[in-house]
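J.: the following block contains a protein sequence and its predicted model.
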Amino acid sequence: MPATLEFATPPMGELDLDDDHDDAPLRFRTLDNVLGPRAPPGQADRAFTEELLAAIGEEPATVDEAKATQEWCKAMLDELASVEENKTWSLVQLPKGHRAIGLKWVFKLKRDEHGEVIKHKARLVAKGYVQRQGIDFDEVFAPVARMETVRVILAVAAHHGWSVHHMDVKTAFLNGDLQEEVYVTQPPGFTAAGHEDKVLKLHKALYGLRQAPRAWNAKLDTNLHQLGFTRSKAEHGLYTRSKEGLRMVIAVYVDDLLITGEQLTGVKSVKDELKSLFRMSDLGLLSYYLGLEVKQGNRGIELRQSAYAVKLLEKAGMGNCNPCAVPMEARLKLSKQSTSPAIDATMYRSLIGSLRYLLHTRPDLSFSVGYLSRYMEDPRQEHMAAMKHLLRYVAGTTDHGLWYSGIGGGQARLQGCSDSIWPGMLTTARVQRGVIFFLGPCPVSWLSQKQRVVALSSCEAEFIAGAAAACQATWLARLLEDVTGVKSEPPQLRMDNNMAAIALCKNPVLHDRSKHIDTKFHFIRECVDRGDVTLEFQGMQGQLADVLTKPLGKARFQELREKIGVIKLN
């Protein structure tokens with residue numbers, strides 16, 4: 001029988017101090033007694049450290065630093081209690097031929113949408129980077145809901161007047177059942193008294209293990225199926241159920257669950273069912289999700305990243321910069337062969353990565369961020385100057401975001417716009433394309449990217465851009481059907497100011513001007529032929545995707561920004 005686990009940890013009480021009260025450890029204490037009711041004499045250093053860490057709001061780097069504050073000590077004890085309660089491991093001698101994986105503590109301050117600290121979180125993680133594939137683990141992939149899926153759910157919820165709720169699974173990975181035989185060392189700073197030479201055999205997954213996400217997802221998938229939910233074929237992070245005439249939807253991102261449906265009673269019922277299966281935190285109405293600030297009201301749903309944008313500006317040292325009206329100058333031309341001085345490439349790449357995350361609610365930034373991303377390999381001063389111009393625009397629009405308008409009748413229809421600019425930018429012969437889709441008036445999906453092939457004409461460029469849009473339209477239509485349970489009208493795709501491209505999409509005949517086009521781009525013809533997508537001509541002035549293909553002047557840019565749904569929010 002494995003030994004009963006009783007961890008011990010360095011002292012915190014008065015009796016553990018030597019005569020000089022200099023915190024020299026004389027003995028160990030059990031977990032239940034780690035946090036004493038009062039600070040003993042000679043604890044000035046610890047009190048100072050505790051106050052300092054609390055004041056600067058930073059995470060400790062080591063276990064010793066964490067033990068200097070009661071909040072972090074309690075967080076570690078809570079984590080160990082969760083592990084023990086879940087029967088994650090047992091104490092054993094390490095068998096011959098096996099090796100134990102090390103453990104480490106990770107500390108994180110959990111903040112709300114305003115940046116205020118709401119929780120001290122300590123996570124015990126395995127050093128999964130030492131695991132060997134085929135020996136310690138096999139498959140590792142676990143699906144999560146894409147951000148387009150989240151926006152579609154929010155748009156549907158706004159359209160039908162559904163409320164969206166948020167739940168979090170406590171210590172989610174500890175619920176996953178392990179198929180492999182895995183051993184880990186005892187937690188740093190906490191050892192089983194009298195069994196210091198033993199290791200822990202894992203029965204369930206632990207954070208940091210390569211197979212932990214997959215094990216947890218498999219566990220959640222099994223339980224949701226038992227509750228009558230069906231996994232979407234279009235999005236494996238989406239589950240739906242129709243029961244007693246109520247349509248319920250769950251979107252899964254690791255341990256975060258978004259729950260919505262036709263009636264509040266149905267949502268509450270799903271919450272109760274989940275609480276009976278896992279230890280859950282009920283966060284109520286969705287207000288903050290992966291850096292996205294969500295505000296639900298009777299008239300619709302606001303979606304923004306204001307706090308994230310402010311933090312990004314502070315990171316760039318531009319918290320007090322002068323704002324500008326457009327993200328990029330209309331006639332700006334950058335080059336990879338620039339002779340201007342080199343800059344800190346790490347900082348440039350970091351800013352690009354942060355800006356790319358801001359695109360989840362800011363399609364107006366898509367072209368500028370994508371264009372500047374091309375110069376990450378060897379950024380120069382002229383590239384950083386363009387970056388700072390973009391950040392000045394962000395500084396002036398931190399209060400901008402998406403507005404998903406409220407209750408409407410019937411089913412909202414998917415509509416998309418595709419555009420390309422031919423010839424491409426002067427530095428490349430490849431065409432820039434832009435695609436954006438709306439569910440009713442709500443933008444739910446967009447892209448701005450350089451096409452991977454050279455187009456020989458504007459017709460060919462629009463045809464290729466249309467093929468990319470048709471692929472996305474097909475997926476979005478299936479996703480929408482899974483969310484609502486109702487098959488909606490075929491998506492409408494508005495192609496930019498090129499009747500020849502529309503004719504090429506509808507006419508299956510090959511000729512000298514199109515016979516060289518790669519077979520995969522002819523997918524749009526099949527979509528049109530089956531009636532999965534309808535094509536419409538769109539004049540240049542009404543083409544909303546124009547903002548995704550090139551830098552524009554102030555008046556035109558601000559006009560299109562509002563039309564694609566990016567507005568100033570209260």
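T.: Arrived safely. For clarity, every value in this text was computed on a predicted model and none was experimentally measured.
J.: so where's the stretch 351-500 of the chain shaky on pLDDT?
T.: Residue ranges of the stretch 351-500 of the chain with pLDDT under 70: 423-428, 497.
J.: okay, strands next: where are they in the stretch 251-400 of the chain?
T.: Applying DSSP state E, counting those that start in this stretch to the stretch 251-400 of the chain gives strands spanning 256-261, 280-285, 288-289, 292-296, 300-304, 400-405.
J.: for the second one, which outside residues touch it?
T.: Pointing back at strand 280-285 there. Outside strand 280-285, the residues that touch it by C-beta atoms under 8 Å, 6 or more residues apart in numbering are Ser163, Val164, His165, His166, Met167, Asp168, Val169, Lys170, Lys271, Leu274, Lys275, Gln296. Glycine gets a C-beta too; all of them are placed from N, C-alpha and C.
J.: same thing with the third one?
T.: Contacting residues not belonging to strand 288-289 are listed as Asp112, Glu113, Val150, His166, Tyr253, Asp256, Leu258, Val294 [C-beta under 8 Å, 6+ apart].
J.: just to revisit the earlier point, which of the contacts of strand 280-285 are buried?
T.: With burial judged by 16 or more other C-beta atoms under 10 Å, the buried subset of the contacts of strand 280-285 is Ser163, Val164, His165, His166, Met167, Val169, Lys271, Leu274, Gln296.
J.: next, the contact list for Ser418, please.
T.: 433-435, 462, 465-466, 468-469, 493-496, 545.
J.: out of these, grab the one that's most surrounded.
T.: Comparing these by number of neighbours (other C-beta atoms under 10 Å), Gly466 comes first, having 34 neighbours.
J.: what kind of secondary structure is that residue in?
T.: helix (DSSP: H, G, I helix; E, B strand; the rest coil).
J.: got the contact list for it?
T.: Contacts of Gly466 by C-beta under 8 Å, 6+ apart are Ser418, Leu493, Met495, Ala501, Cys505, Ile524, Leu535.
J.: apply 10 Å and report the result again.
T.: Applying C-beta atoms under 10 Å, 6 or more residues apart in numbering to Gly466 gives the contacts 416, 418-420, 433, 435, 473, 493-496, 498, 501-502, 504-505, 521, 523-525, 527-528, 533, 535.
J.: buried members of these into PyMOL, please.
T.: Applying 16+ other C-beta under 10 Å to these leaves a buried subset, and the PyMOL line that selects it is:
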select buried, resi 416+418+419+420+433+435+473+493+494+495+496+498+501+502+504+505+521+524+525+527+528+533+535
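J.: so of the contacts of Gly466, which ones are in strands?
T.: Gly416, Ser418, Asp419, Ser420, Arg433, Val435, Leu493, Arg494, Met495, Asp496, Leu535 (DSSP state E).
J.: pull the most distant pair out of the buried ones among the contacts of strand 280-285.
T.: Largest separation among the buried ones among the contacts of strand 280-285 by C-beta to C-beta: Val169 and Gln296, giving 22.1 Å.
J.: quick one: the helices in the stretch 101-250 of the chain?
T.: For the stretch 101-250 of the chain, the helices defined by DSSP state H, counting those that start in this stretch occupy 147-160, 212-226.
J.: for the stretch 101-250 of the chain, what spans make up the strands?
T.: 103-111, 117-126, 164-169, 177-184, 191-192, 199-204, 230-231, 238-243, 246-253.
J.: can you list those strands in JSON lines and add distance to Phe137?
T.: JSON lines is the format used below for these (distance: least, C-beta to C-beta, whole Å):
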{"stretch": "strand 103-111", "distance to Phe137": "16"}
{"stretch": "strand 117-126", "distance to Phe137": "11"}
{"stretch": "strand 164-169", "distance to Phe137": "22"}
{"stretch": "strand 177-184", "distance to Phe137": "6"}
{"stretch": "strand 191-192", "distance to Phe137": "26"}
{"stretch": "strand 199-204", "distance to Phe137": "12"}
{"stretch": "strand 230-231", "distance to Phe137": "23"}
{"stretch": "strand 238-243", "distance to Phe137": "26"}
{"stretch": "strand 246-253", "distance to Phe137": "22"}
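J.: how is this structure divided into domains?
T.: Here the domain assignment for the chain is 7-143+175-204, 147-173+218-290, 304-396, 409-539, based on automatic domain parsing.
J.: relative to Arg561, which of the ones you listed is closest?
T.: Smallest distance to Arg561 across the domains of the chain (C-beta to C-beta): 4.6 Å, for domain 304-396.
J.: how long is that closest one end to end?
T.: One end of domain 304-396 to the other measures 14 Å (C-alpha to C-alpha, to the nearest Å).
J.: next up, the contacts around the residue nearest the centre of the chain.
T.: When C-alpha atoms, centre = their mean is applied to the chain, the residue found nearest the centroid is Leu290 (5.4 Å). Remark: with contacts taken as C-beta under 10 Å, 6+ apart, Leu290 is in contact with Val144, Ala145, Met147, Val150, Tyr253, Val254, Asp256, Gln305, Tyr308, Tyr357, His360.
J.: for the third one, list the residues it contacts.
T.: In this case it means Met147. Counting by C-beta under 10 Å, 6+ apart, Met147 makes contact with Tyr253, Tyr289, Leu290, Leu292, Tyr357, Leu359, His360, Thr361, Val444, Ser445.
J.: can you flag which of those belong to helices?
T.: Using DSSP state H, the members of the contacts of Met147 that fall in helices are Tyr357.
J.: show me just the buried residues among the contacts of Met147.
T.: Tyr253, Tyr289, Leu292, Tyr357, Leu359, His360, Thr361, Val444, Ser445.
J.: out of those residues, which one sits closest to Ala158?
T.: Nearest to Ala158 among those, with distances taken as C-beta to C-beta, is Val444, at 11.0 Å.
J.: my guess is the closest one contacts Ile436, does it?
T.: Yes: using C-beta atoms under 10 Å as the test, Val444 is close enough to Ile436 to be in contact (9.0 Å).
J.: going by distance to Glu489, which of the contacts of strand 288-289 wins?
T.: Of all the contacts of strand 288-289, Val150 has the smallest distance to Glu489: 22.9 Å, by C-beta to C-beta.
J.: what's near enough to touch the closest residue in space to that closest one that isn't next to it in sequence?
T.: Once flanking residues are discounted, Val150 sits nearest to Ala251: 6.0 Å by C-beta to C-beta, 6 or more residues apart in numbering. Each residue near Ala251 by C-beta under 10 Å, 6+ apart is listed here: 144-146, 149-150, 152-154, 164, 232, 235, 237-240, 257-260, 289, 483.
J.: 7 Å instead?
T.: Counting by C-beta atoms under 7 Å, 6 or more residues apart in numbering, Ala251 touches Ala145, Thr149, Val150, Ile153, Gly237, Leu238, Leu258.
J.: from those, list just the buried residues.
T.: Ala145, Thr149, Val150, Ile153, Gly237, Leu238, Leu258.
J.: okay, and the beta partners of Ile417?
T.: Quick fix: residue 417 reads Cys, not Ile. Here Cys417 sits in beta bridges with Ile436, Arg494, as judged by DSSP bridges.
J.: could you measure from the nearest residue to Arg111 once chain neighbours are set aside over to Glu462?
T.: Once flanking residues are discounted, Arg111 sits nearest to Val117: 5.7 Å by C-beta to C-beta, 6+ apart. Noted for Val117: a distance of 51 Å to Glu462, by C-beta to C-beta, to the nearest Å.
J.: that's all I had, so thanks and see you.
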